[in-house]
Each structure stands twice: as C-alpha cells, then as structure tokens.
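Chemist: missing the sequence, but the structure's below:
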C-alpha cells in the first residue's frame, strides 16, 4: 500500500510539473498550429481562437501574399498618426501562425497615443525618421528611447506604450506582433468614446475633476 501511495504521489508531481511547463508557453503566444497552413475562411462562422480553415484545394499563392501595409495612411488627423494593419482580418494566410504586422505613419510631431495590445508583445522597427518609443510598467516606471532607422525597440505584452515622432520630417515604423490578432486598447477612447457612454461619476472620480472639466475633455473625442 505504501509503495502504491508513493507511486501515486510521484505521478501527481510529474503531472503538475508537466502542466506548469506547458501552460506558460501556451499563455505567451497563439496556440501552436496542427497543420502546414490554415488560410482563414472569413465567410465562415468565427469560432474561438481563430478562423476556420479554407479548403486546402481552394488555397492559392496570393493567400500567402499581402500588400496591406504598402500604402501610407493619411496623417491628417488630431494625432498626426495613422496605421495600416496586416492581421488575419486583412491577410488570411496569417491564420494560426501567431504573427502579424502593422505599419504606422507619423507626421512631424505625430503621436501614436498610449495604448496596449492584450494578446501580444510588440517589436518596433523604424524605417524612416526618428521615433520615441516608450512603455510604462505596473509600477508606473517609464522606459523610453529615441529609435532611429533600422533600430529596434521591444514592448512587453499588455503594457501601455506610445510612439512619438521627434524629428522634423515624416516618420514610418513597423510593429511586429507574436499574435495574428493582437488587439488594441486605447485608454482615452475606452473612457471617452464608449457606447453606451461611460458614467460621468466614474470619469469625474477617476480624473479628480468636475463635470464641466471632464465634459470638455470628452467633447474632444466626439466622432471617434
């Protein structure tokens, strides 16, 4: 009986160790694919964790090719910034591969406002100009660097970060993600541009301001 109990204990420990070793890996990236490719069928009902696969017989060369980030996006907006994304929604060949990329264009002084990607870390590579990239930690510490052409800066998963054009001319960078659909959460929009509207009491207490002051800030985001 004692031997059987020890064997059972060993098996439970081995199982716990195996689960501990596997779970963090799955938590840090998209699920590992089980086939060579799974081109997304955007017409099919979307299940959890990705899109259904397009029939292999219907897959063509262009499913693995995209021009999504070739054109520059207009920066004629209050932020002087805009992006073009190649995620699974626009580049079906990315489905199940755990990666995507975004091009961001910045006018002089343009800002990609503080935001986060809940499902991905981000690797920034500047293609043109000089861009300050920074992120804040849970302890409210700021890490930032002015990144120049062909230089890299990495933003850990889920942390608030920004990109600011510090040069006198236009800037362009690409952001690479370890998820086919990294998601984006921008606090200003999450507070001031929600539908239905965020309760005013929440906003006034959050910013330690009066209704008129918060209303003035909120009015800036009408139409976004």
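Modeler: Okay, I see it. Just so it is clear, the model here is predicted, and its values are computed rather than measured.
Chemist: all contacts plus neighbour counts: C-alpha atoms, from now on.
Modeler: OK.
Chemist: need the strands for this structure, in chain order.
Modeler: All strands of the chain, identified by DSSP state E, fall at 81-86, 100-106, 111-115, 122-128, 131-136, 142-147, 152-155, 161-165, 171-177.
Chemist: what lines up beside the fourth one in the sheet?
Modeler: In its sheet, strand 122-128 lies beside strand 152-155 (antiparallel), strand 171-177 (antiparallel), with partners assigned from DSSP bridges.
Chemist: with the second one instead?
Modeler: Next to strand 100-106 in the sheet, as set by DSSP bridges, lie strand 81-86 (antiparallel), strand 171-177 (antiparallel).
Chemist: now it against strand 131-136, angle please.
Modeler: 120 degrees (axes from the mean of the first three to the mean of the last three CA atoms, to 10 degrees).
Chemist: same check on the fourth one?
Modeler: Strand 122-128 and strand 131-136 are oriented at 160 degrees to each other (the same axes, to 10 degrees).
Chemist: I'd like the distance between residue 152 and residue 83.
Modeler: 18 Å (CA to CA, to the nearest Å).
Chemist: neighbour count winner among those two?
Modeler: The residue with more neighbours, out of residue 152 and residue 83, is residue 83; 21 against 16, by other CA atoms under 10 Å.
Chemist: so who does the closest residue in space to that one that isn't next to it in sequence touch?
Modeler: Excluding its sequence neighbours, the residue lying closest to residue 83 (CA to CA, 6 or more residues apart in numbering) is residue 104, at 4.3 Å. Going by CA atoms under 8 Å, 6 or more residues apart in numbering, residue 104 touches 73, 81-84, 172-175.
Chemist: now restrict these to buried residues only.
Modeler: 81-84, 172-175 (16 or more other CA atoms under 10 Å).
Chemist: what's the burial count for residue 100?
Modeler: By other CA under 10 Å, neighbour count at residue 100 equals 22.
Chemist: give me the pLDDT for it.
Modeler: As predicted, residue 100 sits at a pLDDT of 96.
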